[in-house]
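Peer 1: return a 3D structure for these sequence lines:
(one chain, ligands or ions: 1)
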Amino acid sequence: MFSVKNFVLHYLLLCVSYTCGALNNKRFPDNFLFGTATASYQVEGAWNIDGKGENNWDKVTHSTPSPVRENATGDIACDSYHKYREDVDILKTLGVNHYRFSISWSRILPTGFTNKINQDGLAYYANLIEELKENNIEPVITIFHWDTPQDLENIGGWTNEVIIDLFEKYAELLFKTYGNDVKYWITFNEPKQTCQGGYGSGEMAPVIKSPGIGEYMCVHNVLKAHAKVWHMYNDQFRENQKGHVGITIDTQWAEPNSNSEEDVQAAERFLQFTFGWYANPIINGDYPEVMKKLIADRSEKQGFEKSRLPVFTDEQVEFIKGTADFLGVNYYTTRMVQHTTDPQTMVYDWIADMEIHSYQKDEWPSTASNWLKIVPWGFRKLMNWLKATYSDIPILITENGVSEDGSSLEDDIRIYYFQEHLSNLRDALDDGVNIFGYTAWSLMDNFEWMKGYTEKFGIYSVNFSSPNRIRTPKKSADYFKYVMRTRCLVQESDCVDSV
Ligand code: PNW
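Peer 2: You can find the predicted model right below:
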């Protein structure tokens, strides 16, 4: 169990195994939010219960052959649909300030349209919100975390612009129903995964492979939908509900491979293509110049009549500009980026369009997820890049975490990951970055998309073979609890108050 003595010992041991910097010993400010996150498809289960409609992840996980590891599905997952009270109890035990979860569109609107409103679905989230509020936990709600109603997916999903108005109607229903109790709304979680994964590389639902075309069409619609929802909230709800509407974007930090001008520019290009693709329109009104130019040039060489990157009209630029009250940021890992000598001019997809080469260093510790090497300093660098690039927009860290294979509840690697990342985050606060909260991914082990249940991100473990999905704290839950209580990363006698 967790004790200060164990903690010191433990940290020293971890430092033998991994490279440790000195941890920042300043307390986090009193008003800084700490929480944990989940997403509807990953935890709820009850995929066809009480009137929920089918969505794209139901469809993909039920297809044969299934693209998901071990043919796993989210049919039951953590069964949070039935066990939400227990989830809130756990959150209370941890002592978090907020809980980030997402709403399943097809649980509320089974067809995606407002022709049919599922009252049981509405009641589920009302109960969850009430339970959270009673325990003084602030709900932070993601409106869309990748689960598109299948009826809409059938007609092209996010590549068909009809979805924009339907998404607005869905969001309007959420604001009307829950808005008095919700201060933080996130329109989309990681449009890169929805769009590049869903319609570009085909590695995520709906598993459409249309590289260089599909992902750009998808993002164009996502950005318009985001802006419509922000304006609708701003015009109709903000005055009474006084909440904040943002979007969550993920990126790895891009570290230049050398300080040559070419590598530095390549790393900046990576960030503009990965983060700026969404953040630049939302903050400044349009896609990053470097993206517009490169994709237009490459499209021309490839024989396209116009750029594969769709163009916003002046009116759309004005409409999309300034539509985030805060940025949600998901950070997990870092890549080294260098200038490429092979720009693959005739290949069209988002990765080739960047014209870079990237890799991760062998010496960076890795985990159960092959893409996730542990690079805590990348977090601080990313925070400083965001401040420099988007002039002090408020930032909420909406995800940060690490996986293991579930073989032990002694998840030292996760404690190490949290300590080092939170320390870098605390450094970023010292650097003057405007960060108001941190959300760990994830509250509990859950359906990790195409990896099924083989990669565990939870600070609570879930026994997926027990009928009632028993939750058990891992060792990191104790550390997390300690940080929530003390707002400090090191042993209490070494903590200093923040000024
Ligand atoms: C996030 N990357 O996805 C998602 O929002 C979660 O639903 C998911 O469970 C979690 O991360 C862990 O995978 C990401 O390559 C997937 O940097 C990949 C990356 C980042 C986030």
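
Peer 1: for the ligand, what are the nearby residues on the stretch 51-200 of the chain?
Peer 2: 189-190, 193 (CB under 6 Å from any ligand atom). All C-beta spots, glycine's among them, are computed from the backbone N, C-alpha and C.

Peer 1: can you add pLDDT and distance to residue 299 and give those back as TSV?
Peer 2: Output for those, formatted as TSV (pLDDT from 0 to 100; distance: CB to CB, whole Å):
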residue	pLDDT	distance to residue 299
189	98	29
190	98	25
193	97	24
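
Peer 1: burial count for the residue of the stretch 1-150 of the chain found nearest the ligand?
Peer 2: Here the residue of the stretch 1-150 of the chain nearest the ligand is residue 39; by CB to the nearest ligand atom that distance is 5.0 Å. Number of residues near residue 39 (other CB atoms under 10 Å) recorded here: 25.

Peer 1: hmm, it is touching residue 141, no?
Peer 2: No. Look at residue 39 against residue 141 with CB atoms under 8 Å: they stay out of range, at 11.0 Å.

Peer 1: what's the overlap in contacts for these two?
Peer 2: Listed as contacting both residue 39 and residue 141 by CB atoms under 8 Å, 6 or more residues apart in numbering are 101-102.

Peer 1: list the contacts of the nearest residue to residue 219 once chain neighbours are set aside.
Peer 2: In space, and not counting its chain neighbours, residue 219 is closest to residue 195: 4.8 Å by CB to CB, 6 or more residues apart in numbering. Contacts for residue 195 (CB under 8 Å, 6+ apart) come out as 158, 214-216, 218-219, 222.

Peer 1: what helix or strand is residue 393 located in?
Peer 2: Using DSSP states H and E, residue 393 maps to neither a helix nor a strand.

Peer 1: can you count the residues close to the nearest residue to it once chain neighbours are set aside?
Peer 2: Sequence neighbours aside, residue 327 is the residue nearest to residue 393 in space, at 5.4 Å (criterion: CB to CB, 6+ apart). Neighbourhood size, residue 327 [other CB under 10 Å]: 25.

Peer 1: what of residue 481?
Peer 2: Considering only other CB under 10 Å, residue 481 is surrounded by 17 other residues.

Peer 1: ok, now the one 4 residues further on?
Peer 2: Counted with other CB under 10 Å, residues neighbouring residue 485 total 11.

Peer 1: where's it, which helix or strand?
Peer 2: Secondary structure from DSSP H and E places residue 485 in helix 475-486.

Peer 1: buried residues in that helix?
Peer 2: Neighbour-count burial for helix 475-486 flags 475-484 (criterion: 16 or more other CB atoms under 10 Å).

Peer 1: give me the residues contacting that helix.
Peer 2: Outside of helix 475-486, the residues within contact range by CB under 8 Å, 6+ apart are 1-2, 7, 27, 34, 36, 93-97, 409-412, 414-415, 418-419, 422, 440, 459-460, 489, 492, 495.

Peer 1: tell me which of the residues you listed fall in strands.
Peer 2: 34, 36, 440, 460 (DSSP state E).

Peer 1: for those residues, which one is nearest residue 165?
Peer 2: Closest to residue 165 out of those is residue 36 (33.3 Å), distances taken as CB to CB.

Peer 1: out of everything not next to it in sequence, what's closest to the closest one?
Peer 2: residue 443 (4.0 Å).

Peer 1: picking that back up, for ChimeraX, write a command that selects the buried ones of the residues of the stretch 51-200 of the chain next to the ligand.
Peer 2: Selection of buried members from those for ChimeraX, criterion 16+ other CB under 10 Å:
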select :189,190,193
